[in-house]
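Visitor: From the sequence below, what's the structure:
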Amino acid sequence: MNAGRYAPSPTGDLHLGNLRTALIAWAYARSTGRDFYLRLEDLDRQRFRDPQSQIDDLEELGINWDGDIVVQSERLDRYQSAIDALQEHDLVFECFCSRRDIREAASAAHAPPGHYPGTCLQLSEREARRRRAELADRGLRPALRLRPTAENWTVTDMGRGRFTGPTDSAVLQRGDGAFAYNLAVVVDDIAMGVDQVVRADDLLASSPLQAYLTHELGGIEPVYGHVPLVLGPTGRRLAKRDGAVTLSELHEAGLSTADVVQMLAESLGLGGVRSTAGFLENFAQARLTGNPWTFTPPNTRPATVSQE
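Guide: Numbering: from 1, shown residues only. From the prediction side, this is the model:
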């Protein structure tokens, strides 16, 4: 089974950058004969919003998917089973560090920025029991982290070629019991037969860790495609503060769905394309550069796009 996927977090309406990534992921999968799945990554229940508007926007754009929509909050048993499997191979350890502990340790000389400093990796069982009891007195429990056997891992990216990065001792399950993003996406991709992951390029750095986890869980490591972010008129990542950036807002500004598809196609060098069918037909000629696309919303001034 070979498949691609689009996996938004249901935290609000999709903006034009999200829709562009979804369209590219869909076209990559369909043009290579793969199935295409939609997955709702809703493990962050504090930010959860009704996903129906996201589903409606994707359908209106003409993006279709195979099978039922996959919902992460309905798959918690799968994530626990994955942790159990990793524990059997001594690839999990308890972490008692607070965010402050990690931040202070990571600020030390020679500490890789943003990475776990290894504080709890070599705790004695006696010390672990003591800290476990301290957390239990406060109604808490330790987080579970990955104990990688490889310091670095290399992935294949369709735009960048081979990319090597650290695996890190990433959190697999938080102290409150919530499963971590990096674990859940890997478990789901394996179960869904996803071997092509197309997403925004701010997730490139997490790919070596996720590919390594895929390897340890017995899955087939996917090929990646990381799409440059869409920037707003200020040069920062496109956001709602920039004006009309969602499909409904663009409609209110006078743009039809076909107009939106045309803008997205033009951002990739495809002229005269006003439907997803036409986008797919011409996708082989798309220019997928490593440069961001800058979008000026129509209520700021007439809608414009530029490829930097």
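Visitor: residue with max distance from the center of this structure?
Guide: R126 (38.1 Å; CA atoms, centre = their mean).
Visitor: tell me the contacts of it?
Guide: For R126, no contacting residues are found, by CB atoms under 8 Å, 6 or more residues apart in numbering. (C-beta placed from N, C-alpha, C; glycine too.)
Visitor: and the gap between it and R132?
Guide: Going from R126 to R132 by CB to CB, to the nearest Å gives 11 Å.
Visitor: Name the nearest residue to L264, ignoring sequence neighbours.
Guide: Nearest non-adjacent residue to L264, counting by CB to CB, 6 or more residues apart in numbering: R20, 5.2 Å away.
Visitor: residues near that neighbour, how many?
Guide: 25 (other CB atoms under 10 Å).
Visitor: isn't it right next to V227, touching?
Guide: Yes - R20 sits in contact with V227 when judged by CB atoms under 8 Å, with a separation of 7.2 Å.
Visitor: one step back: which residues do R126 and R132 both contact?
Guide: With CB under 8 Å, 6+ apart as the test, R126 and R132 reach no residue in common.
Visitor: if we can go back for a sec, can you name the element that comes right after the helix or strand containing the residue nearest to L264?
Guide: Using DSSP states H and E, R20 falls within helix 16-31. As assigned by DSSP H and E, the chain's next helix or strand after helix 16-31 is strand 35-40.
Visitor: Run me through the strand neighbours of that next one, direction for each.
Guide: strand 3-6 (parallel), strand 70-71 (parallel) (DSSP bridges).
Visitor: Pull out the buried residues from the helix or strand that contains T214.
Guide: Assigned by DSSP H and E, T214 belongs to helix 207-216. Under the neighbour-count criterion of 16 or more other CB atoms under 10 Å, helix 207-216 has S207, P208, L209, Q210, A211, Y212, L213, T214, E216 buried.
Visitor: As CSV, those with distance to G193 would be great.
Guide: Output for the buried residues of helix 207-216, formatted as CSV (distance: CB to CB, whole Å):
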residue, distance to G193
S207, 18
P208, 21
L209, 21
Q210, 16
A211, 16
Y212, 19
L213, 17
T214, 12
E216, 18
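Visitor: hmm, back to that, so what touches the helix holding T214?
Guide: In contact with helix 207-216 (CB under 8 Å, 6+ apart) are residues 86, 89, 91, 146, 148, 150, 152-155, 157, 163-168, 170, 182-183, 185-186, 189-190, 197, 220-222, 224, 226.
Visitor: Give me the buried entries from those residues.
Guide: Using 16+ other CB under 10 Å, the buried ones in the contacts of helix 207-216 are 86, 91, 146, 148, 153, 155, 157, 163, 165-168, 170, 182-183, 185-186, 189-190, 197, 221-222, 224, 226.
Visitor: Count the residues that sit near L76.
Guide: 14.
Visitor: how about the helices of the protein, start to end?
Guide: 16-31, 52-61, 76-88, 99-106, 125-137, 181-192, 207-216, 247-252, 257-266, 276-281 (DSSP state H).
Visitor: and those helices as TSV, adding distance to P8?
Guide: Converted to TSV, the helices of the chain look like this (distance: least, CB to CB, whole Å):
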stretch	distance to P8
helix 16-31	6
helix 52-61	6
helix 76-88	19
helix 99-106	26
helix 125-137	34
helix 181-192	12
helix 207-216	17
helix 247-252	13
helix 257-266	16
helix 276-281	17
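Visitor: Tell me which of those helices lies nearest to R236.
Guide: helix 16-31 (11.7 Å; CB to CB).
Visitor: How far does the closest one sit from its chain's centre?
Guide: Computed by CA atoms, centre = their mean, to the nearest Å, the separation of helix 16-31 from the middle of its chain amounts to 14 Å.
Visitor: Run the angle between that helix and helix 52-61 for me.
Guide: 50 degrees (axes from the mean of the first three to the mean of the last three CA atoms, to 10 degrees).
Visitor: Next, the angle helix 257-266 makes with helix 16-31.
Guide: 80 degrees.
Visitor: what about helix 16-31, average pLDDT?
Guide: On average, the pLDDT along helix 16-31 is 97.
Visitor: what does stretch 179-194 give?
Guide: Mean pLDDT, stretch 179-194: 98.
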